[in-house]
Each structure stands twice: as structure tokens, then as C-alpha cells.
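Trainee: Task: produce atomic coordinates for the following.
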Amino acid sequence: MQKFVIIRHGLTEWSNRFTGWTDIDIAPEGAEMTKKYALRLKEKGFRFDIGYTSVLKRGIKTLEIALQVLGQENIPIIKDWRLNERNYGDLQGQNKAEAVKKYGEQQVKLWRRSYDVAPPQGESLRDTYNRSVPYFKDVVLGEVRKGKKVILSGHHNSLRAIIKYLDNVSDDDIVNVSIPYCIPLIYEFDDNLKPLKHYYLAGDDEVKQVIESIKNQTKGV
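Mentor: Numbering: from 1, shown residues only. Okay, here's the model as predicted:
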């Protein structure tokens with residue numbers, strides 16, 4: 001059995017803005033939250049051979065902090081743009097609540113949560129899937145297939161795309177999938193890399209609380 005670990009990057013100063021490919025660092029709160037949950041990996045005895053992340057500093061910093069907590073900061077870290085967050089195009093930098101006032105709540109929800117509707121000049125989740133998942137299958141899972149212990153620090157939508165692939169989530173159901181900041185998500189695979197199960201290193205109530213805090217920060221958008 002092989003294990004693979006996913007972590008969504010820590011909270012940034014732009015939690016109430018559309019960030020996308022804008023290269024925003026994590027906030028102090030995000031750094032502390034990353035340390036808190038990395039300790040759970042340490043307590044469970046996780047060790048890694050290689051780490052993957054995007055070319056965006058919030059993904060990179062989150063992975064670096066987690067590996068420092070684990071005392072494993074010397075493992076190779078591979079950075080690739082195909083693991084970047086979804087590009088939000090014209091929405092990038094806009095306050096989410098102000099975007100609702102400008103475009104209407106239903107339109108903004110459609111851009112944010114639907115699978116195949118892209119904001120102006122940006123990517124849909126389908127577009128993100130089409131660039132992130134082939135790289136994940138060929139490169140990241142390629143290392144897992146070799147027996148490597150892999151950790152991936154990513155972004156909400158690139159990770160939703162990867163989870164859609166791993167769990168065979170339908171286009172309709174992926175709308176309801178949310179990923180909490182910083183809490184490690186563990187996948188266990190059989191010898192053929194078929195997912196056997198997945199779970200967070202946190203109780204259900206804790207996961208719900210972190211997801212709910214995200215909703216509060218984005219004012220229900």
C-alpha cells in the first residue's frame with residue numbers, strides 16, 4: 001500500500017479577493033496553521049522522498065514550512081506551473097463581495113463553482129483539470145508508482161481537479177467539493193494506484209469548521 005499526501009496552501013492576505021495566478025504570500029496566520037497541521041504529520045511518522053508544488057509562493061512557502069516542521073527540508077522540491085491555482089482572468093485582484101455587487105451573486109457563483117464556465121479571460125475548472133491532471137498522472141503519480149513517498153502542496157482548484165480525477169467525481173458533484181486550508185489529506189493506494197480510501201488528519205467537525213471559516217471570509221460567495 002502506498003500513501004500520498006495533499007496539503008492546500010495556508011491562508012493569504014487575499015482571502016477575500018480572487019487571487020488566481022497573482023503571486024501572493026501566505027499570511028502569518030496561514031504560516032501558523034501550516035505548522036499546526038504539519039505537526040500531525042510528524043506525530044504520525046510521515047516521511048517523504050520528494051515534494052511537489054506550483055510556481056506560486058503561497059504553495060512553495062506552505063510546503064517549505066511543513067517540511068521544516070518535519071525536519072525534512074532537504075528533500076527535492078519540484079515546482080511546476082501546471083499545479084498553479086486556476087487563472088481567474090479579469091476577476092483577479094477583485095474583492096469577492098464587490099464582484100457580487102458588480103456582476104450579481106448567481107453569475108459569480110457560476111464562475112467560482114461550476115465545472116466548465118470560465119470568468120472573462122480566465123480558466124474554468126475544466127481548463128484547470130486539463131492542465132493539472134495530466135501532469136499529476138504522469139509525473140507525480142509516476143513517483144508514487146516507483147515507491148516514493150510524495151507530498152503535494154497545492155491550491156483549491158488545482159487540488160479539486162486532482163481529487164475529481166482520483167475519486168472519479170462527476171462534473172455536477174465537484175461543485176460541492178471544498179478543501180480546507182492546511183489540513184493534510186491522505187490517500188492510500190493499492191499496488192495498481194487505485195485509491196483505497198482517503199481521510200484528513202483532523203476530525204470531521206474540525207474540517208467543517210475550517211471550511212466554514214473560508215465561507216465566512218468570502219462572505220458567502
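
Trainee: Next, the contact list for the residue positioned nearest the centre of the chain, please.
Mentor: When C-alpha atoms, centre = their mean is applied to the chain, the residue found nearest the centroid is H155 (3.2 Å). Residues near H155 by C-beta atoms under 8 Å, 6 or more residues apart in numbering: 8-9, 54, 56, 58-59, 83-86. Every residue, glycine included, has its C-beta placed from N, CA and C.

Trainee: Return the subset of these lying in helices.
Mentor: Secondary structure from DSSP state H places 58-59 of these in helices.

Trainee: Just name whatever secondary elements the longest helix anywhere in the chain is in contact with.
Mentor: The single longest helix within the chain, with elements called by DSSP H, is helix 28-43. Packing partners of helix 28-43 (3 or more C-beta pairs under 8 Å, 6 or more residues apart in numbering; DSSP states H and E): strand 2-8, helix 57-70.

Trainee: can we see that at 6 Å?
Mentor: Applying 3 or more C-beta pairs under 6 Å, 6 or more residues apart in numbering; DSSP states H and E, one finds that helix 28-43 contacts helix 57-70.

Trainee: Name the next helix or strand downstream of the helix it packs on, please.
Mentor: Sequence-wise, the next helix or strand downstream of helix 57-70 (DSSP states H and E) is strand 77-79.

Trainee: following that following strand, which helix or strand shows up next?
Mentor: Counting by DSSP H and E, the next helix or strand C-terminal to strand 77-79 is helix 96-103.

Trainee: Now that next one: average pLDDT?
Mentor: Across helix 96-103, pLDDT averages out at 92.

Trainee: Which positions within it qualify as buried?
Mentor: By neighbour count with 16 or more other C-beta atoms under 10 Å, helix 96-103 contains the buried residues 96, 99-100, 103.
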